[in-house]
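K.L.:
Quick one: sequence and predicted model below, then my questions.
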Amino acid sequence: DTGLTPAREALQRLVAQKILTSNLNSTITVFDPTAKEFLEFTRIRIDLECLATEWALKNICPEQLQVILSMNDKYKYALSNQNWQQVVAANEEFHMSIYEAANMPNLLEIIQTIWLKMGPTIGQYLLKKDVIESQDLSDHHDILIEALESKNERAAQNAVKKDIDILANYIYKTKLNKIL
């Protein structure tokens, strides 16, 4: 007996972490938070990602800053070409490159787990052209980069908060409207 297949074991781990959900009929689906859960995760993200940004400011080296600048260029390119799937991927790469600079692997792992949980919901809205076009999504990235370069902790944390809030507020209102 070799046990469960690696794929099944991986799915069970994702269900155990509540990144995926298992229904009564053994169907596995992507976690779809309620409006209340989404608000809770948004608040947690802001706190943890601001903490990671604070530590990134203390630890960032020129090479890491270059990676962050490169990720932002990739993000802006995807936005300008209206490649929404690439926008989602480049946005995550941009943020994770900052949080990696914090040199706090346990914090990074927690943030990545939250992104895994919330990613499908956020991505679902980022992939909507009208949402992208109604927001200036690159401004907060530019402000964040300027704050990292100048080691301005308050400006960096405000940029992270606003970057999270801009889409989160739209998603929360949309989810809330579906409930009401």
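P.N.:
Nice, thanks for sending it over.

K.L.:
Wait, residue 38 touches residue 173, no?
P.N.:
No. Residue 38 lies out of contact with residue 173 (CB atoms under 8 Å); the separation is 10.5 Å. Quick note: C-beta positions are derived from backbone N, CA and C, even for glycine.

K.L.:
So which of these two has more stuff around it?
P.N.:
Between residue 38 and residue 173, counted using other CB atoms under 10 Å, residue 38 has the larger neighbour count: 20 against 11.

K.L.:
where does the more buried one land on pLDDT?
P.N.:
At residue 38, the pLDDT value in this model is 87.

K.L.:
Secondary structure element holding the most centrally placed residue in the chain?
P.N.:
Nearest to the mean C-alpha position of the chain, by CA atoms, centre = their mean, lies residue 115 at 4.8 Å. Assigned by DSSP states H and E, residue 115 belongs to helix 105-126.

K.L.:
Quick one: residues in contact with that helix.
P.N.:
14, 17-19, 30-33, 38, 41, 44-45, 48-49, 51-52, 55, 84, 87-88, 91-92, 95-96, 99-100, 102, 131-132, 167, 170-171, 174 (CB atoms under 8 Å, 6 or more residues apart in numbering).

K.L.:
Restricted to buried residues, select these in ChimeraX.
P.N.:
Only the buried entries of the contacts of helix 105-126 go into this ChimeraX selection, using 16 or more other CB atoms under 10 Å:
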select :14,19,31,33,38,41,45,48,49,51,52,55,84,87,88,91,92,95,96,99,100,102,131,132,167,171
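
K.L.:
How much space separates residue 35 from residue 110?
P.N.:
Going from residue 35 to residue 110 by CB to CB, to the nearest Å gives 23 Å.

K.L.:
And for residue 50?
P.N.:
Counting by CB to CB, the gap from residue 50 to residue 110 is 13 Å.

K.L.:
for residue 23, same thing?
P.N.:
On the measure of CB to CB, residue 23 and residue 110 end up 27 Å apart.

K.L.:
cool, and residue 156?
P.N.:
According to CB to CB, residue 156 and residue 110 sit 19 Å apart.

K.L.:
Look at the two and report which has more neighbours.
P.N.:
For residue 156 versus residue 110, the count of surrounding residues by other CB under 10 Å is larger for residue 156: 24 against 16.

K.L.:
List the contacts of the nearest residue to the more buried one once chain neighbours are set aside.
P.N.:
Take residue 156 and drop its neighbours on the chain: the residue closest to it by CB to CB, 6 or more residues apart in numbering is residue 147, 3.6 Å away. By CB under 8 Å, 6+ apart, the contact list for residue 147 reads 57, 153, 155-156, 159.
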